[in-house]
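Chemist: Predicted model, plus sequence, below.
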Amino acid sequence: MQNNMLAMILAGGRGSRLHDLTNKVAKPAVSYGGKYRIIDFPLSNCANSGIDVVGVLTQYESVLLNSYVAAGGRWGLDSKDSGVFVLPPREKADANLDVYRGTADAITQNIDFIDAYDPEYLLILSGDHIYKMDYSEMLAYHNAKNADATIAVIGVPMKEASRFGIMNTDEDGKIVEFEEKPAQPKSNLASMGIYIFTWKVLRKILLADMKKADSSHDFGKDIIPAFLEEGRTLMAYEFKGYWKDVGTIDSLWEANMDLLDRKNPLNLNDPRWRIYTEDVSTLPQYIGPEASVSNAYITQGCKVGGEVKNSVLFTNAAVAPGAKVIDSVLMPGAVVEEGAVVTRALVADGVRIGKGAVVGSADSENILLVAKRVKGVE
């Protein structure tokens, strides 16, 4: 195993703040950036970092996600020494539900899977963030600091720090205190949900946590505090690149709109750090003779006959002649018919906006999610 590090991706979140987008699809399988799915990012980061064994822990609405990640060849993780493994819950949280009781429980239930590879280090990732990171550099930092655990952090605006798990550190970057969504934050170093643990140490603490009846079995609430209580060495690894938690409709829209900025550090065309995804066979994009396109990100298979301004169109989206799409995101297969106007909206996969319909408003505070067909003029 390269780097002697195994990765586990926590991909079981319900994603309820994405509303209808996650009614039938797990959050990490939600589409992003024209042709990608959110989970392509942590999986591609693993492949590019030389990590060849990845466990993906799934639970809610996971049928599509399971089949998607099982095709490890998309990320070059399909040789006899590598693979992406789908790991659903094995135990019931209560009499009715096969779900993980917390992020730490998800790892504990799969200790035998991890032990089979006998890793020296365990990398734990969230499956619903968009970013590019070389985990081997984080591991080098972990070793240089002789750490028991290293947590990736990113500086956030101080006024937003109370929304995150915040790491308070000393001058050397050692974590001295962890606060979950503090009302009065002392630092702006937010946890990115990316951890490297020395496996033998984590294994011992996980097994002790499993026996605690009052535990939430959660990394932020229980495991990290247990490391601190034991006097273990926890280090903060500060990340300087692009990172987006796409947990809400507004943040998913923002992450897509960031692609329109030529100075956006998330370069999806960088040959040195590719983001791999499903190769969909479709025709090239078609821009009609009467179309008007400005500041747009248009993917293969799209047909544009109307006006598209400051918008992102995913694979096989269509904008009919006379229609307008402004400050909006059209997900795969979305259709805007003749004369319809879509403004500051996110249109879900396959949704059709009927003739002459008006959807969204330039003055709205929040982005409108359109998840069902909108009837137009009959």
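Modeler: Noted; the coordinates are in hand.

Chemist: now the residue lying closest to G173 once chain neighbours are set aside: how far from Y135?
Modeler: Once flanking residues are discounted, G173 sits nearest to A236: 5.1 Å by C-beta to C-beta, 6 or more residues apart in numbering. In this view, the C-beta of every residue, glycine as well, is placed from N, C-alpha and C. To Y135, A236 is 16 Å away according to C-beta to C-beta, to the nearest Å.

Chemist: Where does pLDDT dip in the stretch 51-200 of the chain?
Modeler: Where the stretch 51-200 of the chain drops to pLDDT under 70, the residues are 80, 91-98.

Chemist: In contact with the residue nearest to G173, which residues?
Modeler: 150-153, 167, 169, 173-175, 189 (C-beta atoms under 8 Å, 6 or more residues apart in numbering).

Chemist: could I get these as a markdown table with neighbour count?
Modeler: Below are the contacts of A236 laid out as a markdown table (neighbours: other C-beta atoms under 10 Å):
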| residue | neighbour count |
| --- | --- |
| T150 | 27 |
| I151 | 29 |
| A152 | 24 |
| V153 | 25 |
| M167 | 26 |
| T169 | 18 |
| G173 | 18 |
| K174 | 14 |
| I175 | 24 |
| L189 | 24 |
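
Chemist: ok, which pair from these is furthest apart?
Modeler: A152 and K174 (14.8 Å; C-beta to C-beta).

Chemist: Run through the strands of the stretch 101-250 of the chain in chain order.
Modeler: 121-126, 129-131, 149-155, 165-169, 175-180, 189-198, 234-238, 243-245 (DSSP state E, counting those that start in this stretch).

Chemist: Tabulate the ones you listed in TSV, adding columns for distance to Y32.
Modeler: As requested, these are arranged in TSV below (distance: least, C-beta to C-beta, whole Å):
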stretch	distance to Y32
strand 121-126	14
strand 129-131	6
strand 149-155	19
strand 165-169	23
strand 175-180	27
strand 189-198	17
strand 234-238	25
strand 243-245	9
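
Chemist: so which of those comes closest to P289?
Modeler: strand 129-131 (35.4 Å).

Chemist: Which strands or helices does that closest one pack on?
Modeler: helix 40-48, strand 189-198, strand 243-245 (3 or more C-beta pairs under 8 Å, 6 or more residues apart in numbering; DSSP states H and E).

Chemist: With distance to N23 as extra columns, can I get those in CSV?
Modeler: Formatted as CSV, those follow (distance: least, C-beta to C-beta, whole Å):
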stretch, distance to N23
helix 40-48, 21
strand 189-198, 24
strand 243-245, 20
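
Chemist: Next secondary structure after the helix or strand encompassing V342?
Modeler: Using DSSP states H and E, the element containing V342 is strand 341-343. The helix or strand immediately downstream of strand 341-343 is strand 345-347, counting by DSSP H and E.
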